[in-house]
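[1] sequence plus predicted model, see below.
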2 protein chains.
Amino acid sequence: MSVQHDCPWCYIGKARFEQGLAAFPHKDEVEVVYRSFELEPNRAKGDIAEVIPMLAKKYGMSLEQAHAAEARVAENARSSGLDYVLGAHDVGNTFDVHRLIHFAAAQGRQRGLVAAMFHAHFADERSIFDDARLVDLAVEAGLDKDEAAAVLADGTAYAGAVRADEAEAAALGANGVPFFVLDRKYGVSGGQPAEVFTQALEEAWATYTPPAKLMSVGAADAEACGADGCEIG
Amino acid sequence: MSVQHDCPWCYIGKARFEQGLAAFPHKDEVEVVYRSFELEPNRAKGDIAEVIPMLAKKYGMSLEQAHAAEARVAENARSSGLDYVLGAHDVGNTFDVHRLIHFAAAQGRQRGLVAAMFHAHFADERSIFDDARLVDLAVEAGLDKDEAAAVLADGTAYAGAVRADEAEAAALGANGVPFFVLDRKYGVSGGQPAEVFTQALEEAWATYTPPAKLMSVGAADAEACGADGCEIG
C-alpha cells in the first residue's frame, strides 16, 4: 500500500481497506506493508501551509469554497468511522515522516506508527511537521526516543528505502495515492468502498501461486562460504 | 548478487561473474545489484580474528595446514586475475560494511565501493574492520566523508536495508555466498567458472518477460491524491 500523510484519501482509503480486510476470510494470512510515496517531493522542508488557504490558492476558489470542499472530505472520513478536525491540518514535505516509518518497520513497529501519524495529522490540531512531535509519535508507537530523534537528525537514514519505494511505485504505474498492490498482480487505486477491497483480496487469493524455486545453473558444489565457513582449497 | 566481504569465494566469484558478463552480448543491458549477506551475524562488532589462526581453530588443522589451505584460495584468486595478500586479512562482523554499501547504493556509488572493499580486504594488509578505514574507502568511491562517517556512527542507518536483503536471501533459498540471482528465476551458487555465468545470463535473457501490468480492481475514478492535488469532494 502506498500512502502519503498529507493525503486525506489515504487516511480514508486505509480505513476502508481495513474494513474490507476484516471481511476477508483469510485475513489472518495477509501481510500489510506500507510503502512511501511523496505527493510534493520538491516542497522544501519547513515550507508548511495551512490546508484551507492552500486549497483555495491551488484550485482558484474562495476560502468559503475551499472550506466546503474540505468539509466534504471530512464527511467522507467520518462516514468511514474516522475522526477528522476540519481545516486544522497543514501540508508539508513528508520525506522525514517516510524515513521514520521505515525505521519503525525495521523494528516491527510500522503499523502502529502509520496509524499514529494519520490520527495525529487529521484528527488533531497540532502539526506533524515538527521533529519533536514526530519523536513523540514514535515513542507512542513503541520506539526508542533517542533512536527516533537520531533518525530524524540524519537526513540520510532510511532515505534509500524511501527512494526505493518511490522507484517501485513508478515501475508499477502508481501515479497517485492511496494505491494498493496485492500479490504484485492486482492494483486498487483510490479510496474505494470496503467491498472493493474484499473483492480484490478474494481475486488475489484465488490466483496466488507460491514463488517458484530458482532454477540452478552450474555445478552444485562450486566453492562458496556458508554458516559453517568457506571451502578452503 | 549476495556477497560477504569476509568471503574469498565472493571476491573470486565476483571476478568470474564479471568475466562471464563481459562475454555476454547484451552486457550493456544488464543491471548488477549487490545484496547483503552476513556469514557470522552473531559475531560481536570488534571481535576481529586473523584468518590463518581462525582457519586452524575452525577446522582443527595445524597452522601450516591452514596456511596451505589459504594458499590454495589465493591461487584461485590469482588465476582469476586478482591480487591476494596471503594470510594478511582478518575476519569480523560485516554489518557496518553492508550498511555503508547501502548508503553508497542510494548515491549511485555501490559498484565502486564494493570493488574498493574487496580489494582492500583481500589485496591489502590493513584491516577494513575500522571505521576510519571504511570512511577512506567510501571517499575513494566518491562518497562524502562526513556523510559516510555519520552512517557508520548511527547503527540504525540502512540497517533495515541489510535486514531486508537477508530476508530476501532466505526466501530465495540462499544459504551461502556468493549467490547470484538472475531475473528472480535462475540461481548460480558459488565461485563458478566464467562460462557458467555467461550461460546463465543467456538462459535468463532468452526467457525474460517484462513485468505484467497490474490488473485493476474497482472503479478507475475513486478519490485519490496525485501530483496535481487531491480530489476534494
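    Received the coordinates, thanks. Predicted model, so just to flag it, every value in this text is computed and none were measured.
[2] how about stretch A:212-221: buried residues?
    For stretch A:212-221, the neighbour count (16 or more other C-beta atoms under 10 Å in any protein chain shown) marks A:Leu214, A:Val217, A:Gly218 as buried. All C-beta atoms are positioned from the backbone trio N, CA, C, and that covers glycine.
[3] which strand or helix spans the residue nearest to the second one when sequence neighbours are not counted?
    For A:Val217, ignoring the flanking residues on the chain, the nearest one in space by C-beta to C-beta, 6 or more residues apart in numbering or on different chains is B:Ala200 at 3.9 Å. Assigning secondary structure by DSSP states H and E places B:Ala200 in helix B:194-207.
[4] who are the packing partners of that helix?
    With contacts defined as 3 or more C-beta pairs under 8 Å, 6 or more residues apart in numbering or on different chains; DSSP states H and E, helix B:194-207 has these neighbours: helix B:8-22, strand B:179-182, strand B:186-189.
[5] just tell me which of those ends up closest to chain A.
    strand B:186-189 (3.4 Å; C-beta to the nearest C-beta).
[6] now the helices for chain A?
    Per DSSP state H, chain A carries helices over the ranges A:8-22, A:51-59, A:63-79, A:95-106, A:110-123, A:131-140, A:145-153, A:159-171, A:194-207.
[7] what pLDDT, on average, does the last one get?
    Translated: helix A:194-207. What helix A:194-207 shows for mean pLDDT is 96.
[8] quick one: closest of the helices and strands packed on helix B:194-207 to B:Asp131.
    Comparing the helices and strands packed on helix B:194-207 by their distance to B:Asp131 (C-beta to C-beta), the top pick is helix B:8-22, with 21.9 Å.
[9] the closest one near chain A at all?
    Yes - Helix B:8-22 lies within reach of chain A by C-beta under 8 Å from any C-beta of the partner chain, at B:Pro8, B:Trp9, B:Cys10, B:Ile12, B:Gly13.
[10] residues contacting the nearest residue to A:Ala77 once chain neighbours are set aside?
    Leaving aside its chain neighbours, A:Ala77 sits nearest to A:Tyr84 (4.0 Å; criterion: C-beta to C-beta, 6+ apart). Residues in contact with A:Tyr84 (C-beta atoms under 8 Å, 6 or more residues apart in numbering or on different chains) are A:Pro8, A:Tyr11, A:Val73, A:Ala74, A:Ala77, A:Arg78, A:Phe122, A:Ala123.
[11] farthest pair in these?
    Using C-beta to C-beta, the two most remote members of the contacts of A:Tyr84 are A:Val73 and A:Ala123, lying 13.0 Å apart.
[12] who has more neighbours out of the two?
    Shown here are A:Val73 and A:Ala123; by other C-beta atoms under 10 Å in any protein chain shown, A:Val73 has more neighbours (24 against 15).
[13] show the pLDDT at the more buried one.
    Here, the pLDDT recorded for A:Val73 equals 92.
[14] that one contacts A:Pro8, correct?
    Yes - under the criterion of C-beta atoms under 8 Å, A:Val73 makes contact with A:Pro8 at 4.8 Å.
[15] joint contacts of these two?
    Shared contacts of A:Val73 and A:Pro8, defined by C-beta under 8 Å, 6+ apart, comprise A:Tyr84, B:Cys230.
[16] on that earlier part again, quick one: closest of the helices of chain A to B:Arg111.
    Smallest distance to B:Arg111 across the helices of chain A (C-beta to C-beta): 15.1 Å, for helix A:159-171.
[17] now the angle from that closest one to helix B:159-171?
    With axes from the mean of the first three to the mean of the last three C-alpha atoms, to 10 degrees defining the directions, helix A:159-171 sits at 60 degrees from helix B:159-171.
[18] and helix A:159-171, does that touch chain B?
    Yes - Helix A:159-171 reaches chain B (C-beta under 8 Å from any C-beta) through A:Ala159, A:Gly160, A:Ala161, A:Arg163, A:Ala171.
[19] let's see if you can find the most crowded of those.
    Counting neighbours by other C-beta under 10 Å, A:Ala161 leads these with 24 neighbours.
[20] now it, nearest residue through space, not along the chain?
    A:Ala161 sits nearest to A:His102 (C-beta to C-beta, 6+ apart), 4.2 Å away.
[21] same check, this time on A:Ala104
    Spatial nearest neighbour of A:Ala104, chain neighbours left out: A:Leu113 (4.0 Å); criterion: C-beta to C-beta, 6+ apart.
[22] what's the answer for A:Met215, then?
    B:Tyr186 is the one closest to A:Met215 (C-beta to C-beta, 6+ apart), at 5.2 Å.
[23] how many residues are close by that neighbour?
    Count around B:Tyr186 with other C-beta under 10 Å applied: 19.
[24] identify the bridge partners of it.
    Taking DSSP bridges as the rule, B:Tyr186 bridges to A:Met215, B:Leu182.
[25] so it touches A:Val217, yeah?
    Yes - between B:Tyr186 and A:Val217 there is a contact at 5.3 Å, judged by C-beta under 8 Å.
[26] any shared contact partners between those two?
    B:Ala200, B:Glu203.
[27] what's the weakest-modelled helix or strand in chain A?
    Here the helix or strand of chain A ranked lowest by mean pLDDT, DSSP states H and E is strand A:2-3, holding a mean of 60.
[28] for A:Gly142, give me its contacts.
    A:Gln107, A:Arg109, A:Gly112.
[29] 10 Å instead?
    Contacts for A:Gly142 (C-beta atoms under 10 Å, 6 or more residues apart in numbering or on different chains) come out as A:Ala104, A:Gln107, A:Gly108, A:Arg109, A:Gly112, A:Leu113, A:Ala116.
[30] ok, of those residues, which come out buried?
    Buried members of the contacts of A:Gly142, counted by 16+ other C-beta under 10 Å: A:Ala104, A:Gln107, A:Arg109, A:Gly112, A:Leu113, A:Ala116.
[31] can you tell me the closest non-neighbouring residue to the last one?
    Right, A:Ala116. Residue nearest to A:Ala116 in three dimensions, not counting chain neighbours: A:Leu137, with 4.7 Å by C-beta to C-beta, 6+ apart.
[32] relative to chain B, how far out is A:Ala88?
    In this structure, A:Ala88 and chain B are 16 Å apart, going by C-beta to the nearest C-beta, to the nearest Å.
[33] and the pLDDT for that residue?
    A:Ala88 is given a pLDDT of 79.
[34] isn't it up against A:Ser127?
    Yes - counting by C-beta atoms under 10 Å, A:Ala88 does reach A:Ser127; the two are 9.3 Å apart.
[35] anything in contact with each of these two?
    Contact criterion C-beta under 10 Å, 6+ apart; residues shared by A:Ala88 and A:Ser127: A:Glu50, A:His121.
[36] quick one: low-confidence parts of chain A?
    The model of chain A has pLDDT under 70 over residues A:1-5, A:211, A:232-233.
[37] same thing but 80
    The model of chain A has pLDDT under 80 over residues A:1-6, A:88, A:106-107, A:209-212, A:232-233.
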